[in-house]
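**Student:** generate coordinates for the sequence data below:
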Amino acid sequence: MKTKELIKLLKEADPSGELHVRGSGGGAIVGCENKEGYWDGPYQYFDENKNLVISTSGRKIDLDEIDFGDVIWMDKGDTSRVLLDVYDSAADRWQREIEASSLKAKAFYKRSLQEFTFKVLKRVQAGWKIRHDGHEMEFYKGLRSERMCQGEWMSVRDSGFFEKITKGNEVHWRLIIA
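**Tutor:** Numbers count the residues shown, from 1 in each chain. You can find the predicted model right below:
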C-alpha cells in the first residue's frame, strides 16, 4: 500500500481524525520513518494485480510502534506511565503482565548497571577520562579516544559515582568516589 492510499483509508474510517491508531502488534504508533527498502528487512505490498510482493527495492515507510513493555523497559521497570483503561475482566491479566515486565526490567537494569559500572571504573582507574562532545560519549586518554557503548554511558549517568563538569561545548565526567 502506498502512503496516499493509507491516508485515504484513514480519512474514510475516521473523518474527524480523532480516533487512536492501533499498531499491528497492538502497540502505540509513535512515528514513521522513510527508509531504504532493504533496511531492517523486506517489506510487503499488493501490486496492481493483487499479487503479494516481498521487496527490498526502492524506499518504504516504517511505522514505529511501542507497547507497554517498551515503556516499562525505557523507564527501568517503573510502571507509573502505564495506565489501564480496560474491562474489569481483563484488568487482572494486564496487571500481571505489567508487573512481570517490571520485574524483568528492574533485574536487568540492576545487573547491567553493576556490570557496566565495574567496566567503566576499571577504565577510569587505568587513566581514561570521559567526555561528551555533543554527539558521542567517549573515553579518552591523551590523543586516543574510544566511543562508549550504551551500557557504559548508562553507568556514568546513573551510578552516582560521577559528576558532570561543563568545559566549553563539552561535558566531562569526573569520578567522585575513591
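
**Student:** domains in the protein, by residue range?
**Tutor:** Domains of the chain are assigned by automatic domain parsing as 1-66, 109-175.

**Student:** chain center to the last one: distance?
**Tutor:** What it means is domain 109-175. In terms of CA atoms, centre = their mean, to the nearest Å, the centre of domain 109-175 is found 20 Å from the chain centre.

**Student:** got the end-to-end distance for that domain?
**Tutor:** End-to-end distance for domain 109-175: 21 Å, by CA to CA, to the nearest Å.

**Student:** do the same with the first one
**Tutor:** The first and final residues of domain 1-66 sit 22 Å from each other (CA to CA).

**Student:** stretch 82-91 now?
**Tutor:** 13 Å.

**Student:** before we move on, what about stretch 131-149?
**Tutor:** 13 Å.

**Student:** so which bits of it are buried?
**Tutor:** Buried positions in stretch 131-149, judged by neighbour count with 16 or more other CB atoms under 10 Å: 131-132, 137-139, 148. C-beta coordinates here come from the backbone N, C-alpha and C atoms, glycine included.

**Student:** in this structure, which spans are strands?
**Tutor:** 28-36, 43-46, 52-55, 59-66, 129-132, 137-141, 144-147, 162-167, 170-175 (DSSP state E).

**Student:** strand partners of the third one, parallel vs antiparallel please.
**Tutor:** What it means is strand 52-55. Strand 52-55 pairs in its sheet with strand 43-46 (antiparallel), by DSSP bridges.

**Student:** can you tell which of the domains of the chain is closest to G77?
**Tutor:** domain 109-175 (6.1 Å; CB to CB).

**Student:** can you tell me the average pLDDT over that closest one?
**Tutor:** Taken as a whole, domain 109-175 carries a mean pLDDT of 93.
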